[in-house]
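1. quick one: sequence plus predicted model below, questions after.
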Number of protein chains: 4
Amino acid sequence: MTSTMGAVDLTGLTDRMTEFITEEVLPVEREVIVDERPVTDDLRIQLQTAAKRAGVFGPLSAPEYGGLGLTASELVVVMDAAGASLLGPTAVNCSAPDDGNIDLLSHAANPEQRERYLTPLSSGLVRSSIAMTEPAPGAGSDPSMLATTAEKTPTGWIINGAKHFTTGADGAAFFICFADTANGPTMFLVDSDNPGVRVDGRMRTLDRCVTGGHCRVTFVDCVVDDSAVLGEVGTAMLHAQARLAPSRLIFCINWLGLAVRAHHMAGRHINSRHSFGGPIADNGLAQGLIADSEIDIAASRGLIRRAAELIDEQGPAASEARHSATVAKAFVAEAVWRILDRSVQLHGGLGVAEDSLVARFLVESRAFRIYEGPTEVLRWSIARRTLRSLR
Amino acid sequence: MTSTMGAVDLTGLTDRMTEFITEEVLPVEREVIVDERPVTDDLRIQLQTAAKRAGVFGPLSAPEYGGLGLTASELVVVMDAAGASLLGPTAVNCSAPDDGNIDLLSHAANPEQRERYLTPLSSGLVRSSIAMTEPAPGAGSDPSMLATTAEKTPTGWIINGAKHFTTGADGAAFFICFADTANGPTMFLVDSDNPGVRVDGRMRTLDRCVTGGHCRVTFVDCVVDDSAVLGEVGTAMLHAQARLAPSRLIFCINWLGLAVRAHHMAGRHINSRHSFGGPIADNGLAQGLIADSEIDIAASRGLIRRAAELIDEQGPAASEARHSATVAKAFVAEAVWRILDRSVQLHGGLGVAEDSLVARFLVESRAFRIYEGPTEVLRWSIARRTLRSLR
Amino acid sequence: MTSTMGAVDLTGLTDRMTEFITEEVLPVEREVIVDERPVTDDLRIQLQTAAKRAGVFGPLSAPEYGGLGLTASELVVVMDAAGASLLGPTAVNCSAPDDGNIDLLSHAANPEQRERYLTPLSSGLVRSSIAMTEPAPGAGSDPSMLATTAEKTPTGWIINGAKHFTTGADGAAFFICFADTANGPTMFLVDSDNPGVRVDGRMRTLDRCVTGGHCRVTFVDCVVDDSAVLGEVGTAMLHAQARLAPSRLIFCINWLGLAVRAHHMAGRHINSRHSFGGPIADNGLAQGLIADSEIDIAASRGLIRRAAELIDEQGPAASEARHSATVAKAFVAEAVWRILDRSVQLHGGLGVAEDSLVARFLVESRAFRIYEGPTEVLRWSIARRTLRSLR
Amino acid sequence: MTSTMGAVDLTGLTDRMTEFITEEVLPVEREVIVDERPVTDDLRIQLQTAAKRAGVFGPLSAPEYGGLGLTASELVVVMDAAGASLLGPTAVNCSAPDDGNIDLLSHAANPEQRERYLTPLSSGLVRSSIAMTEPAPGAGSDPSMLATTAEKTPTGWIINGAKHFTTGADGAAFFICFADTANGPTMFLVDSDNPGVRVDGRMRTLDRCVTGGHCRVTFVDCVVDDSAVLGEVGTAMLHAQARLAPSRLIFCINWLGLAVRAHHMAGRHINSRHSFGGPIADNGLAQGLIADSEIDIAASRGLIRRAAELIDEQGPAASEARHSATVAKAFVAEAVWRILDRSVQLHGGLGVAEDSLVARFLVESRAFRIYEGPTEVLRWSIARRTLRSLR
């Protein structure tokens, strides 16, 4: 990505972001976790309005769409601050799946599609959803198992198929639907008021702070015309691959931000509590947990930074850029989990009480090790690429 | 412990237990997890009535109280089957804190106290609670920080103090309250209708299947007379220590049972699903997770069995028995967590959807690594004992 | 295995073993490690003579051969003491490959073969070797790749093939050679003075305390007659499998004994050293290492004990017995490595100086994670068995 | 550090380095490992002469001393290639303790000392040694326990004390000796022909490829005059701290280079070997090891790069630069160990045979987790710094 901001004042922006998160987002996060306030579109709009006011809205969106147009390397710095809250990425319009969809539309959409879909999405007017994952025996980690079909007919394309884990579907303005055609997997832009698409309800997943939830979605004789084809017929997998690196990267940045905050909360907690005759912070086993998290954070940052640089330098579809994002996701997802887990443990009993926040952070983060590629699938992919290069 | 059953038909009993869990408990567990049916006393009584009918009620209670009176080693076998469900231990009246309280009352109560408290508790007529843990700066992992006091006056003892994480408090018939006296920490039996005790509400913890929850409880000028003293004045810590080994052991058995079930669910899942051209079960990285869980289970069983034998042979207060239970808890709590985590991971996306059960198992189990001694505190204790012996 | 000692005085025997190791073996071990005294047959005979005098020789050998004839469960207790020294197992004639070969001959040899091979081997008069592993592309972890052949001719069998990692070959009186025949893999007893067998030299492996080393051995037109067939033609793999469980078990017991000793050395070391204002033993991070080793030891013992019981109850060829020995080996080999590594680390700089012994223990133990099945191969086997049972 | 090369052609230099290592160093490394050729000064001079010819000598030395004068960030790139061989750092004059001593002398020496010590050291004419670590109860991880003393007298300083683990002492031209004075710890330059210094012999440590070994050194009434004071009296600990960051960084770079090579060897090995019906490279458990090493390498590189940048930007004594080098060392030392261990494991039996090289790499690397700060001491230091910042 090329920065469109000219000489961005990154430090100023990051400071504003931190202030925004602290002042505007954390109080709402507390309501969501402690008072069980649901994460609705109203809440999202409240936060995004505040973000615009604070000048921190749209890190990923181009300036012509009211965004900041940051490069991947700049995102690393700014979103690290935004990720400190579970709701930070949503508040600045840089959370899944919209982040990846903005990126995808920027690359693949034609001018009319950009006007109709990218413009409102970038400005936070609407949300979107990507309908890709399917119940068994359809496409999961293995995209080649795509079972949803789109048949070309004289009057348009007819899409049929079932999806699940369709993130953000409830309330989305449109779907990017992956369907197999006679010429291979293809992406279709489907408006949510199309009578052929049906949101069958949210799945009860461990992560509950996603606007629009993770849903079951069915396409039944869903008719769209040629203008709905995103990119070209048969190119869905190429685009999906190119979407993957930035989307994994932003996932890593956001979650690492949360892990860092939890780590600091844990450190402050043990600084303030006493046990067995001294501050818990003086206990070597507690210190070991703190050190391991500090090391995990530093290692995560190095990997994230490298992936961002390669995406900026080579583009998100380049083999090395994708590999580096895969390596980053494989490490960071596990590291975030370890850091949050240690933060819970350092809080003792309070760590499993939701009022202390870290308990919920841990639970919300569990899916990160599975979404956008389970760690085992990533490791498998990393190994095969490495072994190929050593033949 | 000495078995009071004579020649127990352990195999028959275990088979009955497995059948009971499968037929009576698992359907209710599904309602609790999938339909969010709350774990009330009505639900508990429904399950315990069925357990009595099935002849599996009261593994820990003496036969004169309608129980099975099993030794620790026998419990290992039978409760492994009961633990397969989150609600199994509750269904057979062998879950925290009642299991430990039955044990404690069996050792420390005088005849009148046995009649009044142990009898109804053993038969499932009532539930109990142990009021020990206090908010900072009171007693947590370090029992010497006990802040609740009991003052001896001409008209009785007056207890004052705040507790939290008081398991099962909501709906309990009585509390075993730990309070400091002029002669040292002492246990008091306090009826829940005593006007000086107040349950201030449940804490929202990650584990939600505990009847009566984890509560905040306050003792305000709570008056009891001498007959409320359990054991003798000043002996609370000795009794607490003796309670610890069996209570940790049963915790381990119960949770390991659940982990084994999740492991088997994961194995069956990957046997039935395909990805990348074959069953997931043929993938080496998935096989690695299965093998590691199998090894964790076998190692956990060996440690549990050894602790049970030592408790049976030497009594629960013996130093070696306590050490073995500490070692078992330190390993098993972490192993259970790893096994459940791998089971989630092997389910892929479905692993984080609560309908698949394993997601909830993971969340419910998190506190096991903290309750009854955080792993770090246990490791610290193990190290100091080892190092002392090597001086 | 059935104990042939009647009521063994295990405690007395173990005490004698500990005394023998302390008095007779440890001084020699120090010469071997510190002064680089080579582990020759003279050294072995010196130690074995002392062992006979002390009444601790031959734990595995039947009494009629001058041994103790212990069951697997008894071996666990006694060899735990012997394993405390790198040279302990050799000193009592219970080290690889002779331990497994004694077991194999006990089951598979005919009376003449027992007389000729088992008798002198059991009494320590001679050593033996098992010629199984081959250089690529021959048999390694996968025994089905056996490349050595034995052709039946009118004048006898003619064996041709190359072996390596042939443990104990240098100085062995005879080989048990695995070779493929028209009727399947078969074991042959080959005297070392047979002109068709050639020991091509020792491999420089990390473990250097094995009498006779790990050698390259070549069979060139090596002629033996029918009386050399051990078991029956085509049964080599069955016998190899039955040999595996006891051989893995004894490997685990011996190495765990060494790890326990190193752990105790490390504990004593940090009890006696000061740093940063106090004994290292008071540092929480050091305590964490001690606790983790203590837990690893307890878990290893539970797994070893279970495998021994199943071998005693069901025989070494039973599926469950073999599985339990595989699980034990997979855990214990890794645990021993961790324990020894922590012991090195706790010694600080001295830990990597060979005079402190633990450095050498670590290096010697590395192969244990590979010999008799690399951990990954064991895990793979464990997973497949588990997954089969869940279909 | 500021690069003194102007626009360095890093790519060209790195390519030359790789060619030099491959052509000149690897054959010698094989002689050292397989044929047990000792690492003498003759061998060192042979390699360094070749390095000068190849234009890769002295990455750390200033150009006026015949070196390349690279910044820390440039070193990262170039020494990654040099580290591929155990002897690479020695060959280019960038191995402990000379690397750190060059750095130390560059900062602390006065013009005469630079002329007398830095000039010949930088050009490889002589080797040096740093006499810091002492036997208990002297200075080890805790430098405040310094027991060696230097007494100021009318005729000069008189140094007395015992050192061990004095790297490179055997054959060194001079020592930088740490000794306590009335005004605090002070560094003294002591020529090795000073009659008051005595090298008592090499310690037999696991790492054997260090020219000059790790020695016991004694200072007995060793007389030096004021011109021998390096830096100022009482400043030894400040200088030692400033030396630590670059010295840890170079340690990390060098060892990571070796780990990467072993990882590639392992990948090529399993690409070429078959087992259980296919290439080992197709086995998921082997792939998992490859992926984990690939991730460890990427994470290590990120941490090393960050530390190098901070050292370049802020200087090696800056708190953040030192912290980043500590974090890097804590992670990289453990990662290198894991990578080498996996490489051994992937080689199967051959992995523990020294001819395959990886066995020796593993053994040589063990001390890296202890030298320049055991991982536990580093973690402790990281934790305390983190916790201080969260008060």
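-> All right, it came through fine.

2. so what's the residue in chain A that chain C sits nearest to closest to, chain neighbours aside?
-> Relative to chain C, the nearest point of chain A is residue A:284 (1.6 Å; C-beta to the nearest C-beta). Just so you know, the C-beta spots here come from the backbone N, C-alpha and C atoms, and that holds for glycine as well. In space, residue A:284 comes closest to residue C:284 once its chain neighbours are excluded; the distance is 1.6 Å by C-beta to C-beta, 6 or more residues apart in numbering or on different chains.

3. what of residue A:81?
-> residue A:17 (4.1 Å).

4. for residue A:108, same thing?
-> residue A:231 (4.0 Å).

5. just the pLDDT for that neighbour.
-> As predicted, residue A:231 sits at a pLDDT of 95.

6. before we move on, back to that, for the residue nearest to residue A:284, grab phi and psi.
-> The phi/psi pair for residue C:284 (degrees, to the nearest 10) reads phi -60, psi -30.

7. how about the one 4 residues further on?
-> When quoted as degrees, to the nearest 10, the phi and psi of residue C:288 stand at phi -60, psi -40.

8. how about the helices of the stretch 1-150 of chain A, start to end?
-> A:10-20, A:26-34, A:41-54, A:72-82, A:88-91, A:98-108, A:111-113, A:119-122 (DSSP state H, counting those that start in this stretch).

9. who's in contact with the last one?
-> Counting contacts by C-beta atoms under 8 Å, 6 or more residues apart in numbering or on different chains, the residues outside helix A:119-122 that touch it are A:58, A:61-62, A:65-67, A:93, A:98, A:101-102, A:105, A:126-128, A:173.

10. please see if the helix or strand residue A:320 falls within touches chain C.
-> Assigned by DSSP states H and E, residue A:320 belongs to helix A:319-346. No - contact of helix A:319-346 with chain C (C-beta under 8 Å from any C-beta of the partner chain) is absent, the minimum separation being 13.2 Å.

11. need the residues of the stretch 1-150 of chain A near chain B, please.
-> Counting by C-beta under 8 Å from any C-beta, the stretch 1-150 of chain A sits next to chain B at A:133, A:136-137, A:140-142, A:144-145.

12. pick the one among the residues you listed closest to residue C:11.
-> residue A:141 (56.5 Å; C-beta to C-beta).

13. on that earlier part again, contacting residues around the residue nearest to residue A:108?
-> A:108, A:186-187, A:238-239.

14. what does residue A:241 give?
-> So residue A:241 contacts A:317, A:322 (C-beta under 8 Å, 6+ apart).

15. let's go with 10 Å and repeat that
-> A:143, A:316-317, A:319, A:322 (C-beta atoms under 10 Å, 6 or more residues apart in numbering or on different chains).

16. can I assume it sits in a helix?
-> Yes - counting by DSSP: H, G, I helix; E, B strand; the rest coil, residue A:241 is located in a helix.

17. most neighbours among the residues of the stretch 1-150 of chain A next to chain B, which one?
-> residue A:140 (24 neighbours; other C-beta atoms under 10 Å in any protein chain shown).

18. where does it land on pLDDT?
-> On the pLDDT scale, residue A:140 gets 89.

19. does residue A:210 belong to a helix, a strand or coil?
-> coil.

20. name the nearest residue to it, sequence neighbours excluded.
-> Nearest one to residue A:210, counting by C-beta to C-beta, 6+ apart, is residue A:167 at 6.1 Å.

21. show me what that neighbour is bridged to.
-> For residue A:167, the beta-bridge partners are residue A:214 (DSSP bridges).

22. ok, it - contacts?
-> Residue A:167 sits in contact with A:95-98, A:100, A:127-133, A:205, A:207, A:210-215, A:371, where contact means C-beta under 10 Å, 6+ apart.

23. relative to residue A:252, how far out is the residue of the stretch 1-150 of chain A found nearest chain D?
-> Using C-beta to the nearest C-beta, residue A:76 is the residue of the stretch 1-150 of chain A that sits closest to chain D, at 12.0 Å. Distance from residue A:76 to residue A:252, counting by C-beta to C-beta, to the nearest Å: 9 Å.

24. and what of residue A:311?
-> 12 Å.

25. same deal with residue A:78?
-> Residue A:78 is 14 Å from residue A:252, by C-beta to C-beta.

26. make a ChimeraX selection of the buried ones in the contacts of residue A:241.
-> Here is the ChimeraX command that selects the buried residues among the contacts of residue A:241 (16 or more other C-beta atoms under 10 Å in any protein chain shown):
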select /A:143,316,317,322
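
27. out of the contacts of residue A:241, flag the one nearest to residue D:364.
-> residue A:319 (34.4 Å).

28. in this structure that closest one contacts residue A:385, no?
-> Yes - look at residue A:319 against residue A:385 with C-beta atoms under 10 Å: they come within range, at 8.2 Å.

29. what bridges to residue A:278?
-> Residues in beta-bridge contact with residue A:278 (DSSP bridges): residue A:275.

30. tell me, how many residues neighbour it?
-> 9.

31. and if you look at the one 3 residues further on?
-> Burial of residue A:281 is recorded as 24 neighbouring residues (other C-beta under 10 Å).

32. distance of it relative to residue D:388?
-> 9 Å.

33. got the phi and psi for the residue of the stretch 51-200 of chain A found nearest chain B?
-> Distance from chain B to each residue of the stretch 51-200 of chain A (C-beta to the nearest C-beta) is smallest for residue A:142, at 4.5 Å. Phi and psi for residue A:142, reported as degrees, to the nearest 10, are phi -100, psi 100.

34. ok, it - contacts?
-> Per C-beta under 10 Å, 6+ apart, neighbours of residue A:142: A:377, B:274-277, B:280.

35. ok so residue A:151 is a strand residue?
-> Yes - according to three-state DSSP, residue A:151 belongs to a strand.

36. domains for chain A, by residue range?
-> A:10-95, A:128-230, A:237-389 (automatic domain parsing).

37. looking at these, which is nearest to residue C:260?
-> So among the domains of chain A, domain A:237-389 is nearest, using C-beta to C-beta, at 22.8 Å.

38. mean confidence score for that closest one?
-> 96.

39. what parts of the stretch 201-350 of chain A come near chain B?
-> Residues of the stretch 201-350 of chain A found near chain B (C-beta under 10 Å from any C-beta of the partner chain) are A:203-207, A:214, A:269, A:272-277, A:280, A:283-286, A:288-289, A:337, A:341-342, A:344-350.

40. again, only using 8 Å
-> So the stretch 201-350 of chain A meets chain B at A:203-207, A:214, A:273-276, A:283, A:285-286, A:289, A:344-345, A:348-349 (C-beta under 8 Å from any C-beta).

41. verify the contact between residue A:378 and residue A:326 for me.
-> Yes - at 5.2 Å, residue A:378 counts as touching residue A:326 under the criterion of C-beta atoms under 8 Å.

42. related to what we said a few turns ago, redo the domains of chain A as JSON lines? Include distance to residue B:193.
-> Formatted as JSON lines, those follow (distance: least, C-beta to C-beta, whole Å):
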{"stretch": "domain A:10-95", "distance to residue B:193": "31"}
{"stretch": "domain A:128-230", "distance to residue B:193": "38"}
{"stretch": "domain A:237-389", "distance to residue B:193": "27"}
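
43. okay, the ones you listed, which one's buried deepest?
-> Stretch with highest mean neighbour count among the domains of chain A: domain A:237-389 (a mean of 23; mean count of other C-beta atoms under 10 Å in any protein chain shown).

44. now do the same end-to-end measure for that one.
-> 23 Å (C-alpha to C-alpha, to the nearest Å).

45. ok now that domain, how far from the chain's centre?
-> In terms of C-alpha atoms, centre = their mean, to the nearest Å, the centre of domain A:237-389 is found 13 Å from the chain centre.

46. next one: stretch A:55-72
-> Counting by C-alpha atoms, centre = their mean, stretch A:55-72 comes out at 16 Å from the chain centroid.
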